[in-house]
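K.L.:
need coordinates for the below:
(one chain, ligands or ions: 2)
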Amino acid sequence: MLKNLKHIFSPLLWFYALVVYVFAMSVWWINLHLRNNRDLYRLNVELLEMEGEKYGKTPQTIRSTPQYAHIEQHFASQRTMILSEGAVFLLILSLGVYRIHGAFKKELSLNHQQRNFLLSITHELKSPLAALKLVVQTLLNRQLDPEKQKKLLHNALNDTDRLHELVENLLLAAKLESQSASFSLQPLCISDLLQALFDEFSEKYENLRHFESRIETDVWLHADPLALQSLCINLLDNALKYSRQGDTISCVLFTKGNELHWEVADSGIGIAAADKKKVFEKFYRVGNEDTRSTKGTGLGLFIVHELVHMMRGSISIKDNKPRGTVFLLVFPVSGNTSAAYNIIV
Ligand code: ATP
Ligand code: MG
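P.N.:
Residues are numbered from 1 along each chain as shown. Ligands and ions are numbered 1, 2, ... in the order given. Now for the predicted structure:
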């Protein structure tokens, strides 16, 4: 019942109702003007005929007079004016409605995504904080053996890492959006950087997933190390989050002609074709916040997309075989990879 009421008061419904009303009114007014014009024409013709009869003129002779031609011409020009002005009005109205409708939809979807973002960020902040508080309380109130203490502290460190990554992502997204992000360019051996990050990541989650890497050595870029690190962590984090126990996560880097190809693949749940473009939008997460089991803010791929484009690269999503997702990043390189610093941010 409440849901129906909410539907009735939805702004989009009122907008559609107004549009239908304005269109119907416009058509009605155009029709009314055409009828009035026709009535006026008939009245003028009748008056002219009555006037002519007084002087004994026949209807045929009246129709050949200049007065009659003037009435006909006035009628035709008025009709053309009403029809063309009506058509222009309806055209402008349709274009306006189309644009307003698009803006409305965008606004509603942004509202929805922001609501989802608030829900998810609250959870993302609350759970590691609660876990940290519990660890501190346990260490304060209980005498634990060193082994248990170490395990608790290790968990606490993981939680602080999670918080740190979340805050970093939020800051980076805000900077990218306000275009105030500054990147320090320096020659980077992307092979070493990726290998180190991948090894650290695979070590951390070696019990949960199967990890494979094929990283060509000595590939150099002129890029920002933090931006590249953020790219890599976000893609690996997604591969982990959206796959299951025992699935494979792989990282491949190779040069092909004048291009550098970097693939991060998983054999997880995959991304439906309709969502492949949308996942790069800010706050976009597949599915519904109430039913979704994985947590996140929907900022990771937005950041990845922005960073890749700043580095003049491109990113695309392919289906992995037999299942899962492949993120393919391509950057233009030129000449000898070990000698040149190819990417200009
Ligand atoms: P955050 O990265 O901010 O913590 P998130 O992971 O939900 O949150 P994104 O990284 O931007 O946000 O990803 C957007 C959405 O794309 C995810 O919610 C998920 O539905 C989908 N997605 C991303 N990577 C994968 C993947 N490897 N496999 C399947 N789905 C994915
Ligand atoms: Mg993510």
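K.L.:
does residue 212 really touch residue 250, like I thought?
P.N.:
Yes. Counting by C-beta atoms under 8 Å, residue 212 sits close enough to residue 250 to count as a contact (4.2 Å). C-betas here are computed from N, CA, C, even on glycine.
K.L.:
out of the two, which sits in the more crowded spot?
P.N.:
residue 250 (19 against 13; other C-beta atoms under 10 Å).
K.L.:
now do the helices in the stretch 101-250 of the chain.
P.N.:
Remark: helices assigned in the stretch 101-250 of the chain by DSSP state H, counting those that start in this stretch are 146-177, 190-204, 225-241.
K.L.:
most proximal residue of the stretch 51-200 of the chain with respect to ligand 2?
P.N.:
Nearest residue of the stretch 51-200 of the chain to ligand 2 (C-beta to the ion) works out as residue 169 at 8.3 Å.
K.L.:
distance of the one residue in the chain that gets nearest to ligand 2 from residue 241?
P.N.:
Per C-beta to the ion, residue 300 is where the chain lies closest to ligand 2, at 2.8 Å. Distance of residue 300 to residue 241, computed by C-beta to C-beta, to the nearest Å: 9 Å.
K.L.:
residue 66 too?
P.N.:
The gap separating residue 66 from residue 241 is 86 Å, by C-beta to C-beta.
K.L.:
higher neighbour count, these two?
P.N.:
residue 241 (15 against 7).
K.L.:
and the pLDDT for the more buried one?
P.N.:
With respect to pLDDT, residue 241 scores 93.
K.L.:
burial check on the residue in the stretch 51-200 of the chain that ligand 1 sits nearest to, number of neighbours?
P.N.:
The minimum distance from the stretch 51-200 of the chain to ligand 1, using C-beta to the nearest ligand atom, falls at residue 169 (5.7 Å). By the criterion of other C-beta under 10 Å, residue 169 has 21 neighbours.
K.L.:
how about the one 3 residues further on?
P.N.:
Applying the criterion other C-beta under 10 Å, we find 20 residues in the vicinity of residue 172.
K.L.:
which residue is the nearest non-sequential neighbour of it?
P.N.:
In space, and not counting its chain neighbours, residue 172 is closest to residue 303: 5.4 Å by C-beta to C-beta, 6 or more residues apart in numbering.
K.L.:
what about the closest residue to residue 316 other than its chain neighbours, how many neighbours?
P.N.:
Counting by C-beta to C-beta, 6+ apart, residue 316 lies nearest to residue 328, which is 5.1 Å off, once chain neighbours are set aside. By the criterion of other C-beta under 10 Å, residue 328 has 15 neighbours.
K.L.:
ok, now which ones touch residue 328?
P.N.:
Counting by C-beta atoms under 8 Å, 6 or more residues apart in numbering, residue 328 touches 261-263, 315-318.
K.L.:
neighbour-wise, which of those leads?
P.N.:
residue 262 (25 neighbours).
K.L.:
angle of the helix or strand in which it is found against helix 190-204?
P.N.:
Element membership of residue 262 [criterion: DSSP states H and E] is strand 259-266. Calculated by axes from the mean of the first three to the mean of the last three C-alpha atoms, to 10 degrees, strand 259-266 forms an angle of 10 degrees with helix 190-204.
K.L.:
so what touches strand 259-266?
P.N.:
Counting by C-beta under 8 Å, 6+ apart, 190, 194, 219, 221, 232, 235-236, 238-240, 242-243, 247-255, 320, 324-333, 337, 342 sit against strand 259-266.
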